[in-house]
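Engineer: Sharing a sequence plus its predicted fold:
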Amino acid sequence: MTIISGVRVLRAPCCGNHYAYPNYRSMNFCAFEYWTDGWSDGAAMPIGEGVRACTCGSLFLSRECELVEVKESSDLPSPAWASTDDFRLHIAKNVEPNLMRAMRLDLWRDLNHAYREEYRAHRDKEEADIQAEWHAANPDRRTWWDKVRRKPAPVYRRPDRPISFPRFEVSDEQRENMAALTALFVTRTCDDGDNILLAELFREQGRFDDAKHVLSLVKPDYDPIRQKVISTSLERLEPMPIRFRY
């Protein structure tokens, strides 16, 4: 359960402007669906790397703000989330590495959103076709007497067949951003979370051997479901971001 108690007044690192953030007492990160690139939909908490747009025109990371005070309420504004266009504009500037990495991570996921829509539509149609095929092969043949006796109708159970995915084609912008983001990862010391993201980046670029190597560095008990989804897609040489559930 996400519980908020008052606000935290924070000072932006770029110009010193003050902003009000919710003061979270507890956080619920559950979502309706999860993706191998780290995106999730329907989460009770904000999604992303915490890149915010300041009124001075700069971008900053919310985690790098200085805490001024905690209050019950405040008339101060909350900083706006940085947009895809903000990322495009500021990536061209010489910003510090942590902010650059966060912007490119958010841009990576933003540019995958169009594929997510195509993916959902494809999967919904495929499942509807499978159900229609099953119902055609298993019609309700109960007689009126069967219904009086409350004999149950056939119950749909999904056949054991593999699912398919729409073709994943990346734009020049996606290709350039993933390559630059990969370079930012390989020049730093990575923890398990970093290595899962790096493995996914390699996979979406079609660098399957590199992805397998990096994924092998992740501890088996770290996010094992996501590891399994990525590992399975690597065995099948599938480059697209995959939706899954915990």
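Structural biologist: Now that the structure is in, tell me what you want to look at. Residues are numbered from 1 along each chain as shown.
Engineer: how many neighbours does residue 210 have?
Structural biologist: 17 (other Cβ atoms under 10 Å). The way it works is simple: take the backbone N, C-alpha and C, and place the C-beta from them, glycine included.
Engineer: Tell me the confidence at it?
Structural biologist: Note for residue 210: predicted pLDDT of 97.
Engineer: cool, and residue 27?
Structural biologist: For residue 27, the model assigns a pLDDT of 69.
Engineer: now swap in the one 3 residues further on and tell me
Structural biologist: With respect to pLDDT, residue 30 has a value of 80.
Engineer: count of neighbours near it?
Structural biologist: Here the number of neighbours of residue 30 (other Cβ under 10 Å) works out to 13.
Engineer: so which strand or helix has it?
Structural biologist: Using DSSP states H and E, residue 30 sits in no helix or strand.
Engineer: Just list the residues touching it, thanks.
Structural biologist: 43, 44 (Cβ atoms under 8 Å, 6 or more residues apart in numbering).
Engineer: ranges for the strands of the protein?
Structural biologist: Along the chain, the stretches classed as strands by DSSP state E are 3-11, 18-26, 33-35, 40-41, 51-53, 59-61, 66-71, 80-81, 243-244.
Engineer: quick one, which of the ones you listed is packed in tightest?
Structural biologist: Stretch with highest mean neighbour count among the strands of the chain: strand 59-61 (a mean of 22; mean count of other Cβ atoms under 10 Å).
Engineer: Pull up the pairing partners for it, direction included.
Structural biologist: Using DSSP bridges, strand 59-61 pairs in its sheet with strand 51-53 (antiparallel).
Engineer: quick check: mean pLDDT across stretch 109-122?
Structural biologist: 98.
Engineer: Now that stretch: buried residues?
Structural biologist: Within stretch 109-122, the residues that count as buried by 16 or more other Cβ atoms under 10 Å are 109, 110, 111, 112, 115, 116, 119, 122.
Engineer: And for stretch 174-182?
Structural biologist: Of the residues in stretch 174-182, 174, 177, 178, 181, 182 count as buried by neighbour count, 16+ other Cβ under 10 Å.
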